[in-house]
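A.B. asks: Mind folding the following:
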Amino acid sequence: MNPEKRLWNYLKQGMGNKWHAQRHEDVSAQGVPDVSYGVNSKNGWIELKVIKEYPKCNTTLIKIRHLTPMQRNWLKARGETGGSCCILLQVEKDYYLFDWTKVCELNKGIPRNKMKYHAITSYRNKINFNDLLWLLAHINT
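C.D. replies: Model (predicted):
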């Protein structure tokens, strides 16, 4: 199972029936984020990304190399219209939630020691699903 699929399974299990979510794996709709969701009268999109390990040095840039131009453009276009769009990034056992405005920075790279300052929130070792649920209901509002 690929890392993004494992992240999706972890997210789906942890959120349970507290939200309505659907994974999108349609190759004909390139750029569309991995997950659409509805929670507390809010709809949004989540792009899931996984980086296997941190760089050794704290100041080394962490880049999401597999965040394609189509994905960046989709998130930016939808976000600019007021859509709730975010990226959930897993690095080792840490999780970071970024809103769509950080797409360009994530593409260029963020120093390891600055990741949590650029993120909406971060979780060490495991996601606090109640916190994540609240954040997804309030992103871009």
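
A.B. asks: Which of the three states applies to the nearest residue to S84 once chain neighbours are set aside?
C.D. replies: By the measure of C-beta to C-beta, 6 or more residues apart in numbering, the closest residue to S84 outside its immediate chain neighbours is G44, 3.1 Å from it. C-beta: built from backbone N, CA, C; applies to glycine. Judged by DSSP: H, G, I helix; E, B strand; the rest coil, the three-state class of G44 is strand.

A.B. asks: Can you give me the neighbour number for G44?
C.D. replies: G44 has 23 neighbours, counted by other C-beta atoms under 10 Å.

A.B. asks: got a list of what it touches?
C.D. replies: S36, Y37, G38, G83, S84, C85, C86, L136, I139, N140 (C-beta atoms under 8 Å, 6 or more residues apart in numbering).

A.B. asks: could you flag which of the residues you listed are buried?
C.D. replies: Buried residues within the contacts of G44, defined by neighbour count using 16 or more other C-beta atoms under 10 Å: Y37, G83, S84, C85, C86, L136, I139.

A.B. asks: Let's see which of those residues end up in strands.
C.D. replies: Y37, S84, C85, C86 (DSSP state E).

A.B. asks: ok so, going back, go through the buried ones among the contacts of G44 and name the one nearest I62.
C.D. replies: Ranked by distance to I62 (C-beta to C-beta), the buried ones among the contacts of G44 are led by C86 at 16.9 Å.
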